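**Student:** Prediction below, plus the sequence it came from.
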Amino acid sequence: MKIINYKDIDKDFFSKIEFENIESVNEIISKVKTFGDNAVREYTEKFGDGYIENFKVSEKEIEESINSIDNQTKETLKYAINNVNEFAKAQLGSIKELNIEISGNTLGHKIIAIDSVGCYIPGGNYPLPSSAIMTIVPAKAAGVKRVIAMSPKIKPVTIAAAYMAGADEIYRIGGVQAIAAMAYGTETIKKVNKIVGPGNKYVTAAKKHVYGECGIDFLAGPSEVMIIADENSNINFIAADMLAQCEHDKDARAFLICSSRELAKKVDEKAREYLKELSTKNIAEISYDKSYAVIVDSIEEAIKLSNEKAPEHLELCFGNTDKYIDEFTNYGSLFIGNYSAEVFGDYVSGTNHTLPTNQVSKYTGGLSVFDYIKIQTYQIINPNSINKTAKNASIFAEKEGLFAHKLAADVRIK
């Protein structure tokens with residue numbers, strides 16, 4: 001971990017990953033769009049997942065997967081699903097349908113679930129049953145009729161999690177070809193209206209490519225955590241939380257913001273100690289070595305730095321956090337206090353772990369039940385108020401030079 005002073009931060013600290021067009025991504029999407037299942041099989045075999053005859057996980061395989069996992073794992077999956085479901089339903093309940101009268105006319109909006117959603121569940125370095133829960137459960141809570149899950153080299157625990165979360169179809173496909181299949185459809189896979197879920201840079205580039213053909217949640221880069229700490233913080237907690245982020249992949253990053261170089265050195269020493277025994281050291285150490293500790297002179301500097309960096313996970317582990325919480329405005333998800341570890345949000349607390357990275361939190365929050373619904377407006381123009389409404393619309397139309405618009409308003413004036 002590099003330890004630097006606030007004044008020494010350069011533009012590289014705030015650099016963003018650019019999801020430029022990747023030629024191979026464009027080629028794969030084009031072929032899947034044209035050749036369907038055969039192209040999906042070709043690229044699935046080419047990229048190391050072997051030849052797959054049947055993409056869809058059968059009911060028998062689902063049953064076998066559920067039976068193959070131990071009772072403790074089943075109960076853990078149920079615990080996480082319940083918490084995520086309760087939070088998603090509470091979020092959905094916070095939005096109400098609207099029906100109001102304005103200038104004599106009735107206006108409103110309806111809350112309508114998206115018809116179909118595709119959930120991408122990574123399976124590269126690690127199986128991620130948690131991502132199945134985080135993407136599928138809020139979709140079902142929102143009322144989505146058809147939810148499909150896509151995951152490469154899918155493990156029994158991921159199959160079980162996807163089924164228990166409510167997936168209607170589960171497929172053993174990953175990578176760019178999975179995104180293309182969900183966006184355009186194949187002989188086997190019916191296209192979806194929206195694609196959600198995390199993935200590597202190729203999956204993300206593919207989501208960017210198909211946006212417009214279908215919706216997507218957002219474009220996200222490698223995982224990241226920022227921890228703001230002081231003398232009230234627990235050194236062991238901070239070191240463990242930084243490594244928990246770093247073990248995701250070699251491009252993941254952890255950022256410690258604190259007022260003391262001594263504190264940063266203690267965290268670094270503890271992290272190095274943990275790394276010696278960490279089974280994921282080969283990935284975590286590379287990422288950790290490229291991570292930062294930044295020494296600030298004030299909480300105001302820490303807040304400014306955090307809001308500019310806009311981290312995926314933001315942990316506030318300093319004293320008197322209540323005084324400053326509202327000043328933090330850009331983050332994927334906020335974890336307040338020493339015991340609010342990011343890992344709990346990853347798995348079981350109930351909030352979603354599919355979060356914006358790469359400064360995307362400057363304009364959106366993380367995945368939630370809101371990503372699976374549409375707020376659609378309606379209006380009923382009252383005949384008793386038609387003259388005022390139509391005359392004002394007619395004036396607008398004339399000013400814009402749209403005379404068929406003006407006509408459509410004028411013919412309704414009594």
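**Tutor:** It's in.
**Student:** What backbone torsions are found at Ile413?
**Tutor:** In terms of degrees, to the nearest 10, the main-chain angles of Ile413 are phi -70, psi 130.
**Student:** so the residue minimising distance to the centre of the chain is in which element?
**Tutor:** Central residue of the chain (Cα atoms, centre = their mean): Thr354, 3.1 Å from the mean position. In this structure, Thr354 is located outside every helix and strand according to DSSP states H and E.
**Student:** just checking, it touches Asp217?
**Tutor:** Yes: using Cβ atoms under 8 Å, Thr354 is in contact with Asp217, at 6.9 Å. In short, each C-beta sits where N, CA and C put it, glycine included.
**Student:** overlap in contacts of those two?
**Tutor:** 196-197, 367 (Cβ atoms under 8 Å, 6 or more residues apart in numbering).
**Student:** In this structure, where is pLDDT below threshold?
**Tutor:** 19-21, 125 (pLDDT under 70).
**Student:** try 90
**Tutor:** 10-24, 47-50, 123-127, 200-201, 220-222, 231-232, 249, 319, 414 (pLDDT under 90).
**Student:** nearest residue to Ala254 other than its sequence neighbours?
**Tutor:** Spatially, and ignoring its direct neighbours in sequence, Ala254 is nearest to Met242 (3.7 Å; Cβ to Cβ, 6 or more residues apart in numbering).
**Student:** can you tell me how far that neighbour sits from Arg253?
**Tutor:** Met242 is 9 Å from Arg253, where distance means Cβ to Cβ, to the nearest Å.
**Student:** what is in contact with those two at once?
**Tutor:** 225, 291.
**Student:** what about the two, which has more around it?
**Tutor:** Met242 (31 against 23; other Cβ atoms under 10 Å).
**Student:** right, and the secondary structure at that one would be what?
**Tutor:** Met242 falls in the helix class when you classify it by DSSP: H, G, I helix; E, B strand; the rest coil.
**Student:** now it: how far from Glu213?
**Tutor:** From Met242 to Glu213 the distance is 39 Å (Cβ to Cβ).
**Student:** what's the first-to-last distance across stretch 212-231?
**Tutor:** With Cα to Cα, to the nearest Å as the measure, stretch 212-231 spans 49 Å from end to end.
**Student:** Ignore what I typed, I meant stretch 177-191.
**Tutor:** 13 Å.
**Student:** now stretch 332-340
**Tutor:** Start and end residues of stretch 332-340 are separated by 15 Å (Cα to Cα).
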